[in-house]
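**Q** quick one: sequence plus predicted model below, questions after.
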Amino acid sequence: MKVLPSLLRGVLGTAAIAFSTMSLVSTSAHADIVLAAANATCTSDANGGNDTVFLSGCGLSGLTNYYKSDRDTGAESGSFSGNYTTAFTLTPGASATISWDGPSSITCPDCYLIAKDGNSTPNWFLFDLSTWDGQETIKIGSLFYSTNPAGHRVEQDFSHVSIWGLEDSTNPPVTIPEPTSLALVGLALAAIGVRRQRGAR
């Protein structure tokens, strides 16, 4: 008769650990990465070209486009396009917020973010994302301004944002277990515990 309470304690203990782990993962907070013009590592006034040309002008090559979001069309591309979402705010107070949706996330240390507009000076900004963990929300404030005929500074909207990185065998994509998966692992461990208890009788 002492076996049943022992079994229950084992199952409940294992389940408690599993659900505690699940709670930690689902509620873990990530600090936001906030980017402003002063944080840019490279800028350009060139109106032509594309992201690759701009990166080359900043002395960077061999990078892979992980994610890109176009404000005008709403289109997203890149190998992680299904794992992130960008929300653009229009002027006044133009901004872009990139949020991680999961389950996979980009791994850095060699990652860069490009913010682009078509009518400003400068109209390209490059940011170093080496401290980004791939899951933190990236918030980019107003970057783009032009001068109107009256000589006044006029804020401009974003054109697109994109994230580039050095992809190699030491920098693979990472898949993060979802809370549901962790719960299943916990139940499997509990079942193993029950079997071992029964076998010991």
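**A** That came in fine, so what should we check first?
**Q** CA atoms for contacts and neighbours, from now on please.
**A** OK.
**Q** number of residues surrounding S159?
**A** Other residues within reach of S159, judged by other C-alpha atoms under 10 Å, total 19.
**Q** renumber starting at 17 from here on
**A** New numbering, starting at 17: the last item is S175.
**Q** for it, list the residues it contacts.
**A** By C-alpha atoms under 8 Å, 6 or more residues apart in numbering, S175 lies in contact with 86-88, 131-134.
**Q** which pair of the residues you listed spans the longest distance?
**A** Maximum pairwise distance among those (C-alpha to C-alpha): 13.8 Å, between D88 and A131.
**Q** looks to me like L71 is in a helix.
**A** Yes - L71: assigned to a helix according to DSSP: H, G, I helix; E, B strand; the rest coil.
**Q** not counting its neighbours along the chain, what's nearest it?
**A** Of all residues not flanking L71 in the chain, S77 sits nearest, at 6.6 Å (C-alpha to C-alpha, 6 or more residues apart in numbering).
**Q** what about that neighbour, distance to N55?
**A** Applying C-alpha to C-alpha, to the nearest Å, the value for S77 to N55 is 21 Å.
**Q** next: D173.
**A** Separation of D173 from N55 (C-alpha to C-alpha) stands at 19 Å.
**Q** who has more neighbours out of the two?
**A** Between D173 and N55, counted using other C-alpha under 10 Å, the more crowded position is D173 (25 against 12).
**Q** after the helix-or-strand element of the chain with minimal mean pLDDT comes which helix or strand?
**A** Least confident helix or strand of the chain, by mean pLDDT, DSSP states H and E, is helix 19-43 with a mean of 42. As assigned by DSSP states H and E, the chain's next helix or strand after helix 19-43 is strand 49-51.
**Q** quick one: buried residues of stretch 109-118?
**A** 110-116, 118 (16 or more other C-alpha atoms under 10 Å).
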